[in-house]
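Colleague: compute the structure for the input listed below.
(one chain, ligands or ions: 1)
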Amino acid sequence: MPSLQELIHAFEQEINAFIPANAADLEQYRIRFLGAKGAVKQLAAEMKSVPPEGRKEAGMMLNAFKQLAESRYEEHSLVFNSGADSGPALDISLPGVPVPAGTRHPLRVVENQIVSIFEKIGFSVATGPEIEDDWHNFTSLNMPENHTARDMQDTFYISQNPDWVLRTHTSSVQARILETQPLPVRVICPGRVYRNETISARAHCFFHQFEGLYVDKGVSFADLKQTLYYFVTEMFGPDTKVRFRPSYFPFTEPSAEMDISCTVCGGSGCNLCKHSGWVEILGCGMVHPNLLRNFGIDPEVYTGFAFGLGVERITQIKFAVNDLRLYSQNDVRFLRQFQGL
Ligand code: PHE
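Modeller: All right, here's what the predicted structure looks like:
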């Protein structure tokens with residue numbers, strides 16, 4: 001007669017090899033191993049013939065076997081209805097468990113809109129590095145060392161190399177484009193920029209800009225105005241008014257700041273426009289001749305315009321976001337509001 005151990009071993013091999021083709025197969029398995037006259041019951045009956053000193057060990061073996069027989073049965077039952085012959089219990093035609101989709105970040109939404117507006121009038125997209133050298137961020141842009149204009153953009157220097165900075169503006173990409181691309185150039189350059197500011201609702205140590213640059217023969221201030229006017233009417237609607245105020249940037253001459261009529265109050269005065277009816281959205285001007293010379297371009301032949309706008313600012317106006325910190329806190333209650341955009 002085979003020993004209890006041999007019997008168990010034989011049943012285990014049978015269980016491991018068993019793959020049910022349908023629910024009826026699985027029912028056969030249940031009867032054979034777990035039924036009233038099945039293997040588990042049969043083995044339990046055999047326990048009587050085991051001498052008392054071997055019972056403990058035999059009991060443990062029997063228990064392990066029972067667990068194997070039951071767990072295999074449960075695994076197979078996930079696929080087949082036990083007992084019934086009604087086909088698979090798992091309906092593989094049901095849709096899966098939905099994975100929650102994220103939302104596009106509001107700054108990315110606005111960035112995409114800006115790109116598509118400028119693409120329509122022939123601008124292409126260019127990017128540059130966020131860790132920049134002094135030449136591209138300052139010196140080549142007519143801001144030599146000790147130039148007081150550097151004060152406007154308090155900078156993070158990289159300690160291993162004092163020549164490297166986290167770029168303070170995307171104008172550094174202007175420099176890289178003029179250095180490498182054949183003329184004419186017509187580009188917009190989106191990117192993150194850094195300034196050493198105390199973080200508050202109105203300032204952050206990093207933010208996002210768009211640089212625009214157009215250099216060709218015969219580019220004039222009228223082209224600059226028309227281009228920017230087209231941009232704001234596409235972005236904020238056809239009734240948007242613009243005004244230009246004289247300003248100063250070392251890399252443009254003449255320079256201006258552009259305001260748009262307040263989109264919230266339409267000009268009558270509110271918190272967004274600080275009761276002036278106008279909101280400032282960008283800096284701009286004609287590319288300074290020194291800049292062109294720095295890159296071997298003859299300013300008597302070529303002229304150009306440039307502008308720089310803040311993406312957070314445009315987003316604030318478009319979606320009435322009143323605290324800059326919200327953009328980087330990753331709070332889904334904020335981000336969810338931009339679903340579907
Ligand atoms: N780089 C300027 C700034 O960050 C903006 C600017 C860009 C102004 C291009 C004029 C021309 O403040």
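Colleague: so, low pLDDT: which residues of this protein?
Modeller: 1, 81-89 (pLDDT under 70).
Colleague: name the residue of it with the shortest distance to the ligand.
Modeller: Per Cβ to the nearest ligand atom, residue 308 is where the chain lies closest to the ligand, at 2.7 Å. Quick note: C-beta positions are derived from backbone N, CA and C, even for glycine.
Colleague: would you agree that residue falls within a strand?
Modeller: Yes: under DSSP: H, G, I helix; E, B strand; the rest coil, residue 308 falls within a strand.
Colleague: how about residue 298: what's its closest non-neighbour residue?
Modeller: In this structure, residue 298 finds its nearest non-sequential neighbour in residue 292, 7.2 Å apart by Cβ to Cβ, 6 or more residues apart in numbering.
Colleague: need the contact list for the one you found.
Modeller: Shown in contact with residue 292 (Cβ atoms under 8 Å, 6 or more residues apart in numbering): 178, 215, 298, 299, 302, 304.
Colleague: so the helix or strand harbouring it, near the ligand or not?
Modeller: Assessed by DSSP states H and E, residue 292 sits inside helix 289-294. No: between helix 289-294 and the ligand, judged by Cβ under 6 Å from any ligand atom, nothing touches; the nearest distance is 10.2 Å.
Colleague: return the set of buried residues in that helix.
Modeller: 289, 291, 292, 294 (16 or more other Cβ atoms under 10 Å).
Colleague: would you mind naming what in the chain lies close to the ligand?
Modeller: 169, 171, 211, 249, 252, 283, 284, 285, 306, 307, 308.
Colleague: circling back to that earlier point, now the buried residues of helix 289-294 in TSV, with distance to residue 138?
Modeller: Formatted as TSV, these follow (distance: Cβ to Cβ, whole Å):
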residue	distance to residue 138
289	18
291	12
292	17
294	12
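Colleague: looking at those residues, which is nearest residue 191?
Modeller: residue 291 (19.0 Å; Cβ to Cβ).
Colleague: hang on, that closest one packs against residue 178?
Modeller: Yes: with contact defined as Cβ atoms under 8 Å, residue 291 counts as touching residue 178 (7.1 Å).
Colleague: any shared contact partners between these two?
Modeller: By Cβ under 8 Å, 6+ apart, no residue touches both residue 291 and residue 178.
Colleague: so which of the contacts of residue 292 sit within helices?
Modeller: residue 178 (DSSP state H).
Colleague: can you pick the most crowded of the contacts of residue 292?
Modeller: residue 304 (28 neighbours; other Cβ atoms under 10 Å).
Colleague: contacting residues for it?
Modeller: Counting by Cβ under 8 Å, 6+ apart, the residues that residue 304 touches are 185, 213, 214, 215, 216, 219, 286, 287, 292.
Colleague: repeat that with 6 Å
Modeller: 214, 215, 219, 287 (Cβ atoms under 6 Å, 6 or more residues apart in numbering).
Colleague: so what's residue 303 bridging to?
Modeller: Note on residue 303: beta-bridge partners by DSSP bridges are residue 216.
Colleague: any idea how far it lies from residue 292?
Modeller: 8 Å (Cβ to Cβ, to the nearest Å).
Colleague: can you map out the helices along the stretch 1-150 of the chain?
Modeller: Secondary structure of the stretch 1-150 of the chain, counting by DSSP state H, counting those that start in this stretch: helices at 4-17, 23-29, 39-46, 55-79, 106-120, 134-137.
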